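In: Got a predicted structure plus its sequence, pasted below:
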Amino acid sequence: MKKLFVLALLVLGGFAVWRKVQAQRADLDLWSEATSADDL
């Protein structure tokens, strides 16, 4: 039972890290789009 709990914690931690990376990537894409010089 202890191994299942540790595995669940690892999965949840991995999911949290993945969500954070995705959010940072979205912010970077938005920033790149907002500061691009293509519309000048």
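Out: Ah, there it is.

In: Kindly indicate whether Ser36 is helix, strand or coil.
Out: Under the three-state scheme (DSSP: H, G, I helix; E, B strand; the rest coil), Ser36 adopts coil.

In: Tell me the spacing between it and Asp29.
Out: When distance is defined by CB to CB, to the nearest Å, Ser36 is 11 Å away from Asp29. C-beta coordinates here come from the backbone N, C-alpha and C atoms, glycine included.

In: Kindly report the same for Met1.
Out: With CB to CB as the criterion, Met1 and Asp29 are 42 Å apart.

In: Looking at the two, which is more packed in?
Out: Each of Met1 and Asp29 has its neighbours counted (other CB atoms under 10 Å); Asp29 has more, 10 against 5.

In: pLDDT averaged over the helix or strand harbouring the more buried one - what is it?
Out: Assessed by DSSP states H and E, Asp29 sits inside helix 2-34. Helix 2-34 shows a mean pLDDT of 96.

In: Need the residue closest to the centroid of the chain.
Out: Val21 (2.3 Å; CA atoms, centre = their mean).

In: who touches it in this structure?
Out: Going by CB atoms under 8 Å, 6 or more residues apart in numbering, Val21 touches no other residue.

In: One more: Leu7?
Out: Residues near Leu7 by CB under 8 Å, 6+ apart: none.

In: Please shift the residue numbers so they start at 84 in all later answers.
Out: OK, 84 is where the count begins now, so the last one is Leu90.

In: ok, it to Ser119 distance?
Out: Taking CB to CB, one finds Leu90 at 43 Å from Ser119.

In: same thing with Val100?
Out: Distance from Val100 to Ser119, counting by CB to CB: 29 Å.

In: Tell me how many other residues crowd Gln105.
Out: 10.

In: Same check on the one 3 residues further on?
Out: As a burial measure, the neighbour count of Arg108 was computed by other CB under 10 Å and equals 10.

In: Would you mark the buried spots in stretch 107-122?
Out: By 16 or more other CB atoms under 10 Å, stretch 107-122 has no buried positions at all.
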